[in-house]
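1. After the sequence you'll find the predicted model.
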Amino acid sequence: MTKLLTLKHWQLFGLLVGFPLIFQTILFAMVFSGNYSSVFPYLISIDAIAFMGVFFGWFYQLGTHLHEKLPDTASMNVTRFKIFLFIPVIYLLFSVAIMPSLIPEGQTGLAIFALIIPLHLFSMFCLFYCLYFNAKALKTVEVQRPVAFGEYAGEFFLIWFFPIGIWIIQLRINKLFDATPENSTQLQ
């Protein structure tokens with residue numbers, strides 16, 4: 001299923017940036033108008049989880065489907081990609097859903113920081129690996145040969161700065177995953 005990969009760039013941008021922005025604006029308007037309730041932190045968590053679902057779903061689909069289109073001369077480890085994508089998902093779900101209840105109001109312990117900092121740094125490393133994997137796989141599929149970092153550095157930074165990069169990257173992804181027969185013959 002390549003549903004997220006076949007969305008237009010503006011549709012994906014709307015899912016990743018537009019809806020969360022509108023949702024958070026409404027929530028903060030409720031707070032400033034005095035309609036604050038105890039469910040506010042949970043609504044923010046739901047918003048964050050929905051964003052993560054779309055973003056990591058797009059990342060996963062991009063990496064796995066591009067791996068299927070790689071030429072035989074390019075070898076990339078899709079299992080490592082999946083593991084490294086799974087680790088930040090678990091970490092972020094933990095930090096959004098469970099962490100607020102573990103920290104008493106206004107108190108943070110040294111033990112919490114001793115746990116969070118290494119997990120956070122490793123999660124960041126995993127995300128950078130996934131950026132590398134998707135950028136390299138995209139460029140390799142487009143040119144149908146192994147590529148060096150200098151050839152896919154632009155894709156790496158466009159995916160990294162995704163709100164802007166989506167406008168360029170998603171157009172190229174749409175061309176790769178277009179289901180029309182004339183496009184599939186051009187890629188072969």
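-> Yep, that arrived.
2. quick one: secondary structure of the residue of the chain most remote from its centre?
-> Ranked by distance from the centre of the chain (C-alpha atoms, centre = their mean), the top residue is Gly34, with 34.1 Å. Three-state assignment for Gly34 (DSSP: H, G, I helix; E, B strand; the rest coil): coil.
3. again, but for Asp178
-> coil.
4. Could you look up the next helix or strand downstream of the helix of greatest length in the chain?
-> Taking DSSP state H as the criterion, the chain has its longest helix at helix 110-143. Counting by DSSP states H and E, the next helix or strand C-terminal to helix 110-143 is helix 149-160.
5. buried set for that following helix?
-> Glu151, Tyr152, Glu155, Phe156, Leu158, Ile159 (16 or more other C-beta atoms under 10 Å). Backbone N, C-alpha and C define where each C-beta goes, glycine included.
6. Can you give me the pLDDT of the residue farthest from the centre of the chain?
-> If you check Gly34, the pLDDT there is 71.
7. With Phe84 instead?
-> We have a pLDDT of 95 for Phe84.
8. Checking it next. Helix, strand or coil?
-> Going by three-state DSSP: Phe84 is helix.
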